[in-house]
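Enquirer: Let me see the structure of the following:
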Amino acid sequence: GVVGVHVDDFLSAGNDQFMNHIIPKVLQDFTIGKAEDQIFMYTGFKLTQDSNGITLDQTDYVENIELLDLDENRLKMTNAKMFDNELTFLRMYAGSLNWAVGATRPDLSFDMISLSTQFKGGNVATLKQAHSVMKQLKKAPAFVRISNLENLEQCELWCFSDAAHRNLNNNTDSAGGYIMFIVNIKSGNCAPIEWRSNKIKRRVSSTLGAEVLALVNALDAAIGTRDQLAQITAGKVNLKIKAITDNKSARDTIYSEKALDQK
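Expert: Reported below is the predicted structural model:
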């Protein structure tokens, strides 16, 4: 089993032995005001659990985000530098977007990192872009469904990675990202458990370089998740990792026995 702690709230999950024998002993030492299960709010998220899985829902949070009333004439000055208050608005938007992207909206991961890299050199066009992304965020429900995986011993850890060469900061930096699933290879049920989009920390000279570094980051995260699951299950589950990339050159480079041109 596992316990997640946030200030004075905690969230527990595990098998019957953990929930029926370990948690009651914990509660003997820690006084709690209210205990909830199956459908409840936790740190701003609505969690709903049934026999088919768990839904993590941020729709209420997203609906309460206020869109700024931007002056249309000002938005036409796309190349103008942002005023201090406009930069504050941009940071507010990026912060709100980051909270949603990290939990329920992986589809907006690149938009979030693109905005976050423009705090210093952004202009009015950046603020206009942020406003558009926030409207996109509010247009669709913000929730993720985590299917019941049943037998973890039938599962594998799949990580999909991707990258783009010099698509950030006026074509100077590259972006990479990944999304990771636990997949029951017999039933087909899967659970998305982590996704990231970041500026690649090293300057790369090609798409191949960007794709390989994105793949390395994905595998690093997958190995950490695999080891964490092994620890939670007392070594009973050690998931095979499958990495997927859409870049054939990156795949061929990994299996090549020739000397490489790029470090």
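Enquirer: Please identify which helix or strand holds residue 175.
Expert: strand 173-184 (DSSP states H and E).
Enquirer: where along the stretch 51-200 of the chain do the strands fall?
Expert: Under the criterion DSSP state E, counting those that start in this stretch, the stretch 51-200 of the chain contains strands at 53-57, 143-147, 155-168, 173-184, 190-199.
Enquirer: Turn those into CSV, including mean neighbour count, distance to residue 221 and mean pLDDT.
Expert: To be clear about C-beta, it is placed using only N, CA and C from the backbone, and glycine gets the same treatment. Putting these into CSV (neighbours: other CB atoms under 10 Å; distance: least, CB to CB, whole Å; pLDDT from 0 to 100) gives the following:
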stretch, mean neighbour count, distance to residue 221, mean pLDDT
strand 53-57, 17, 19, 95
strand 143-147, 17, 17, 94
strand 155-168, 20, 7, 96
strand 173-184, 22, 6, 96
strand 190-199, 18, 6, 94
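Enquirer: Relative to residue 3, which of those strands is closest?
Expert: Closest approach to residue 3 among the strands of the stretch 51-200 of the chain (CB to CB): strand 53-57, 16.3 Å.
Enquirer: Next, the contact list for the closest residue in space to residue 208 that isn't next to it in sequence, please.
Expert: Nearest residue to residue 208, sequence neighbours excluded (CB to CB, 6 or more residues apart in numbering): residue 249, at 4.9 Å. Contacts for residue 249 (CB atoms under 8 Å, 6 or more residues apart in numbering) come out as 207-208, 211.
Enquirer: any idea which of those residues is the one closest to residue 225?
Expert: Using CB to CB, residue 211 comes nearest to residue 225 of those, at 21.1 Å.
Enquirer: Residues contacting stretch 32-51, please?
Expert: 6, 9, 11, 54-61, 103, 148.
Enquirer: repeat that for 7 Å
Expert: Here stretch 32-51 makes contact (CB atoms under 7 Å, 6 or more residues apart in numbering) with 6, 9, 11, 54-58, 60-61, 103, 148.
Enquirer: now stretch 79-98
Expert: 65, 68, 108, 112, 115-116, 119, 122-127, 130, 133-134, 137.
Enquirer: Could you list the buried residues of that stretch?
Expert: Buried residues in stretch 79-98, counted by 16 or more other CB atoms under 10 Å: 82, 86-87, 89-90, 93-94, 96-98.
Enquirer: These in helices, which ones?
Expert: If you go by DSSP state H, the buried residues of stretch 79-98 have 86-87, 89-90, 93-94, 96-98 in helices.
Enquirer: If the residue nearest the centre of the chain is in a bridge, with which residues?
Expert: By CA atoms, centre = their mean, the chain has its centre lying nearest to residue 195, at 3.3 Å. In this entry, residue 195 is beta-bridged to residue 179, by DSSP bridges.
Enquirer: and it, what does it touch?
Expert: 106, 109, 178-180.
Enquirer: now with 10 Å?
Expert: Residues in contact with residue 195, defined by CB atoms under 10 Å, 6 or more residues apart in numbering, are 101-103, 105-107, 109, 144, 159-160, 177-181, 218, 221.
Enquirer: Residue 150 now?
Expert: Residue 150 neighbours (CB under 10 Å, 6+ apart): 184, 186-187, 189.
Enquirer: Now do the phi/psi pair for it.
Expert: phi 60, psi -110 (degrees, to the nearest 10).
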